[in-house]
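1. Structure of the sequence below:
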Amino acid sequence: MKIVVFWEDDFPFIDVVPMTKDDLRRGLQAGGQAAFVSAAKLPAALEATPDLLVTPYGSAFPKPCWQAFTAFLRRGGNWLNLGGAPAARPVRRKDAGWQVEVAQTSYGKEIMIRHTYRISLPPDAKLTLPVADVQDDRLLGMRPGDAWSLQVLLTDNRMIAGECGSGGTRNAVLRPLVQAVEPASGHVLAAPVVAIEQMHGPFIGGRWVLACCHAQEPFPAEFIAALCEYALRPHVLLEVRPGFACYYPAEKATVIIRASCPHDTRLSVNVTVTEAETGSEIYARNFALMPGAADAFVSTPPIAAEESGLHIIRAIAEVAGLLDQQRARAVPRRSPGRRATRRPAAADDDVILPGHGDVTGGFVIA
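-> Okay, here's the model as predicted:
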């Protein structure tokens, strides 16, 4: 893997504690060969399409390199930004130094980041890992005092022309990799680290990992290494969900599997259904999928379940030797003893999260 790090010894760090070359080199060594390049050499380095671009200066970015930077992203480049609000403070050369311009949103809007909102975090805020496939304790090794909430535009078209409120084709998926939670209430305050998976649209093929926070000390090398490794993971989104929101006792469930990938990829997807209480497996099958320009879909045959209670659906996709896992959302089935007018429990729309990893859920036969 080839990693390009933008580096100028006198470039200003904004909204992030300054780091050294050694800090970055230790953190990036697991991802491959890291080349530190100046602003003058950055356009040529990006033209060679490296596997990852790292910008360690928080909210600051080199204004003269903006066109080369956006061209790299439009070719599906991966980007890791450490600290602050991404692309918020353009910096240009002035005499022998650098001139920091006023904070603005115009550059961010070119890459679909409409606005950023600074959130002050209490000292006792607890960091959690909300995405089941990113259970990496190295991501908890920093203590953010502030975080930035991003307003990201996930589509660039409209399904109904001329209607401003019309939705469009989903180009990207925004995933929180780290969340800051209030200990007493469990309320989520912010997501200091997020990833934007570019599956369609102008930036198709890229993954942007954004550490949108101001830590109390320099980011540890282990934290940087975890972000780098995630940024370089295969670009596959896996979704599984039941055919309906609820099932009656005599009905049989079906599971729909959806795989998305910006490039032609051969996947082997293993789907299992187990009883949550006993762990007994009632269904298992392997499917071959090849997503590419279009998403790949497959539906299981009807699945019969004899026991009542929660059932867990789990899908594991293998690509290039790596595992991507998903669990479906919860789907209840009414009990014969309940009144027919009683509303069954509904599926939780927040349960299903596309991406690499496990998402807890399943369906209920009651």
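2. Longest helix in this structure, by number of residues?
-> Counting residues, the longest helix found in the chain (DSSP state H) is helix 221-231.
3. Show residues contacting that one.
-> Residues outside helix 221-231 that contact it (C-beta atoms under 8 Å, 6 or more residues apart in numbering): 3, 23-24, 26-31, 52, 54, 78-80, 82, 134, 136, 138-139, 141-142, 177, 193, 195, 207, 209, 211. To be clear about C-beta, it is placed using only N, CA and C from the backbone, and glycine gets the same treatment.
4. and if you look at stretch 207-214?
-> For stretch 207-214, the external contacting residues (C-beta under 8 Å, 6+ apart) are 15-17, 58, 73, 78-86, 116, 142, 144-150, 177, 190-198, 219, 227, 230-231, 233, 235.
5. at 6 Å what do you get?
-> 15, 78-83, 86, 144-148, 192-197, 227, 230-231 (C-beta atoms under 6 Å, 6 or more residues apart in numbering).
6. just checking, which of these belong to strands?
-> Assigned to strands by DSSP state E, the following of those qualify: 79-82, 144-148, 192-197.
7. shaky segments in the stretch 51-200 of the chain?
-> For the stretch 51-200 of the chain, applying pLDDT under 70 flags the ranges 132, 165-166.
8. Now do the helices in it.
-> Taking DSSP state H, counting those that start in this stretch as the criterion, the stretch 51-200 of the chain carries its helices at 66-74, 106-110.
9. want to throw those helices into JSON lines with mean neighbour count and distance to Val273?
-> Formatted as JSON lines, the helices of the stretch 51-200 of the chain follow (neighbours: other C-beta atoms under 10 Å; distance: least, C-beta to C-beta, whole Å):
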{"stretch": "helix 66-74", "mean neighbour count": "18", "distance to Val273": "40"}
{"stretch": "helix 106-110", "mean neighbour count": "15", "distance to Val273": "43"}
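10. Reformat those as JSON lines; add distance to Ile257.
-> As requested, these are arranged in JSON lines below (distance: least, C-beta to C-beta, whole Å):
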{"stretch": "helix 66-74", "distance to Ile257": "30"}
{"stretch": "helix 106-110", "distance to Ile257": "35"}
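11. which one of the ones you listed lies closest to Asp9?
-> helix 66-74 (20.0 Å; C-beta to C-beta).
12. CA atoms only: put that closest one into CSV for me.
-> Only the C-alpha atoms of helix 66-74 are listed here, as CSV (Å, rounded to 0.1, in the frame of the first residue of the first chain):
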residue,chain,number,x,y,z
TRP,A,66,-7.3,22.1,-3.7
GLN,A,67,-7.9,21.2,-7.4
ALA,A,68,-5.5,18.3,-7.2
PHE,A,69,-7.0,17.1,-4.0
THR,A,70,-10.6,17.1,-5.3
ALA,A,71,-9.5,15.5,-8.5
PHE,A,72,-7.9,12.7,-6.4
LEU,A,73,-11.2,12.2,-4.5
ARG,A,74,-13.2,12.1,-7.7
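13. which ones are touching Gly77?
-> For Gly77, the contacting residues are Gly206, by C-beta under 6 Å, 6+ apart.
14. if we can go back for a sec, pLDDT on the longest helix of the chain, on average?
-> If you average the pLDDT over helix 221-231, you get 94.
15. could I have that helix exported to PDB, CA atoms only?
-> What follows is helix 221-231, C-alpha atoms only, in PDB (Å, rounded to 0.1, in the frame of the first residue of the first chain):
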ATOM      1  CA  ALA A 221       0.200   6.300  17.100                       C
ATOM      2  CA  GLU A 222      -2.100   3.300  17.900                       C
ATOM      3  CA  PHE A 223      -5.100   5.500  17.200                       C
ATOM      4  CA  ILE A 224      -3.700   6.700  13.900                       C
ATOM      5  CA  ALA A 225      -2.800   3.100  12.900                       C
ATOM      6  CA  ALA A 226      -6.400   1.900  13.600                       C
ATOM      7  CA  LEU A 227      -7.800   4.700  11.400                       C
ATOM      8  CA  CYS A 228      -5.300   4.000   8.600                       C
ATOM      9  CA  GLU A 229      -6.200   0.300   8.700                       C
ATOM     10  CA  TYR A 230      -9.900   1.000   8.400                       C
ATOM     11  CA  ALA A 231      -9.400   3.500   5.600                       C
END
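16. elements contacting the helix or strand just after that helix?
-> Counting by DSSP states H and E, the next helix or strand C-terminal to helix 221-231 is strand 237-242. In terms of contacts (3 or more C-beta pairs under 6 Å, 6 or more residues apart in numbering; DSSP states H and E), strand 237-242 is packed against strand 255-260, strand 309-319, strand 322-327.
17. rerun that using 10 Å as the cut-off
-> Applying 3 or more C-beta pairs under 10 Å, 6 or more residues apart in numbering; DSSP states H and E, one finds that strand 237-242 contacts strand 255-260, strand 267-275, strand 309-319, strand 322-327.
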